[in-house]
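>>> Return a 3D structure for these sequence lines:
(2 chains)
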Amino acid sequence: MSIYVYIFAMALTTYLIRVLPMTIFRKPIKSRFLRSFLYYVPYCCLTAMTFPAILSSTSSLLSGAAALIVAVILAYRGKSLIVVALSSSAAVLLTQWALALLG
Amino acid sequence: MNFREYRAGVSRGLPVGMGYFSVSFGFGAMAVSQGLRALDATLISLTNLTSAGQFAGLTVIVAAAGLWELVLTQLIINSRYALMSLALSQRMGQKIGFLPRLLIAFFNTDEIFALAMARQEPLTVPFLLGLGTLPILGWTGGTLCGALAGSVLPESIRTALGVMLYGMFIAIVVPPAKRERRILAAVVLSLVLSSLFTWVPALAKISAGLAIVICTVAAAAVCAALFPVKEEEEAAV
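Numbering: from 1, shown residues only, chains lettered A, B, ... in the order given. The predicted model follows:
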């Protein structure tokens, strides 16, 4: 299947989710369960997408693990998005470099 | 068109646009490292404008899975936008008509939503369009730059850049999880589930996109039942 079919389907779905509640279905959501569910969705999906995928996203388990550990520690200390992201990239580079040196 | 309102929106949107540039740089680099062409990655960003949804979409596309799986991942992962659009719709009031809403809905992301809701003065169409301008440019331009950088840089640097997006996801999730027990519970539950879907052989057969959906729905539903959220606490991420 052409990638453009995928991109179109993805864009259309995302747009409909955003546009329908703004134009046609404009009643507030009353269900407390549903509202709570939507509150937790971002945290759950970001976590499920990141772990354990990050471990296998680089050429070795070690460098993926290094990226994970560095990112969690820096994020826990409240570092900004870009600092956390660049540091986890640097952790991958350094680990791969160290592994290459050790042979 | 009221240019003063438009300019006010643009200047509010500037920091978000810069932030988006760096995040989408990571998306672009990751997309080409997984075999997408730079312009296709850029087209995804231009037409979707959502980090988590695009990432999950990329996973499904790379796996060449079915279209229904792609639609399902978007419906679940982007479901929170429905809530934001509802809230923004109420905030905009009756003055803003149907046609501008069609446009404004397109760029209702977490950050733009937060900025729009935080404005003291009444919302106007030029202000909202201004608000969206730089984030859209930043998100699309960052993807293009990341994808081009990923295409020309050596393999080792490319994989390192590909990790950026994971780093940002971690930076988004960890601080609120540290602050709030119930978010930590949601994160831990989702983490355990996604580990099961990766390492338990029978479950690992399920495709990555579908696994993300199942983990998200299960963990969010359990937490919504155990720790319901009061209306005034529902700040967007």
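
>>> Who are the contact partners of the residue nearest the centre of chain A?
Central residue check for chain A by C-alpha atoms, centre = their mean: the C-alpha nearest the mean position is that of A:Leu46, 4.4 Å away. With contacts defined as C-beta atoms under 8 Å, 6 or more residues apart in numbering or on different chains, A:Leu46 is in contact with B:52, B:169, B:172-173. From N, CA and C alone the C-beta is placed, and that goes for glycine too.

>>> In helices only, show me these.
When the contacts of A:Leu46 are checked against helices (DSSP state H), the matches are B:52, B:169, B:172-173.

>>> near chain A too, which of these?
B:52, B:169, B:172-173 (C-beta under 8 Å from any C-beta of the partner chain).

>>> Need those in JSON lines (columns: distance to B:Gly130).
Compiled in JSON lines, those are given as follows (distance: C-beta to C-beta, whole Å):
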{"residue": "B:Ala52", "distance to B:Gly130": "25"}
{"residue": "B:Phe169", "distance to B:Gly130": "29"}
{"residue": "B:Ile172", "distance to B:Gly130": "25"}
{"residue": "B:Val173", "distance to B:Gly130": "30"}
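
>>> filter those to the buried ones?
The neighbour count (16 or more other C-beta atoms under 10 Å in any protein chain shown) marks B:52, B:169, B:172-173 as buried among those.

>>> Identify each buried residue in the helix or strand of chain A with the lowest mean pLDDT, please.
Among the helical and strand segments of chain A, the one scoring lowest on mean pLDDT, DSSP states H and E is helix A:32-50, with a mean of 89. By 16+ other C-beta under 10 Å, the buried positions in helix A:32-50 come out as A:35-50.

>>> One more: stretch A:52-60?
Counting neighbours by 16+ other C-beta under 10 Å, one finds that the buried residues in stretch A:52-60 are A:52-55, A:57-58.

>>> cool, and stretch B:215-226?
Of the residues in stretch B:215-226, B:215-217, B:219-224 count as buried by neighbour count, 16+ other C-beta under 10 Å.

>>> Please enumerate the helices of chain B.
Under the criterion DSSP H, chain B carries helices at the ranges B:3-33, B:38-48, B:51-62, B:67-77, B:80-92, B:98-106, B:110-118, B:125-152, B:155-162, B:164-179, B:181-199, B:201-204, B:208-226.

>>> related to what we said a few turns ago, give me the subset of the buried residues of stretch B:215-226 touching chain A.
Counting by C-beta under 8 Å from any C-beta, the subset of those that neighbours chain A consists of B:215-216, B:219-221, B:223-224.

>>> Could you work out the most separated pair of these?
Of all pairs drawn from those, the one with the largest separation by C-beta to C-beta is B:Cys215 and B:Ala224; the distance is 14.6 Å.

>>> right, is stretch B:69-89 up against chain A?
Yes - among the residues of stretch B:69-89, B:70-71, B:74-86, B:88-89 lie within reach of chain A under C-beta under 8 Å from any C-beta.

>>> these two touch, right, B:Phe169 and A:Phe51?
No - under the criterion of C-beta atoms under 8 Å, B:Phe169 makes no contact with A:Phe51, lying 9.3 Å away.

>>> hmm, back to that, mind checking which of the helices of chain B is nearest A:Leu86?
Closest to A:Leu86 of those is helix B:164-179 (C-beta to C-beta; 7.1 Å).

>>> Buried residues in the closest one, which are they?
When neighbours are counted by 16+ other C-beta under 10 Å, the buried residues of helix B:164-179 are found to be B:164-177.
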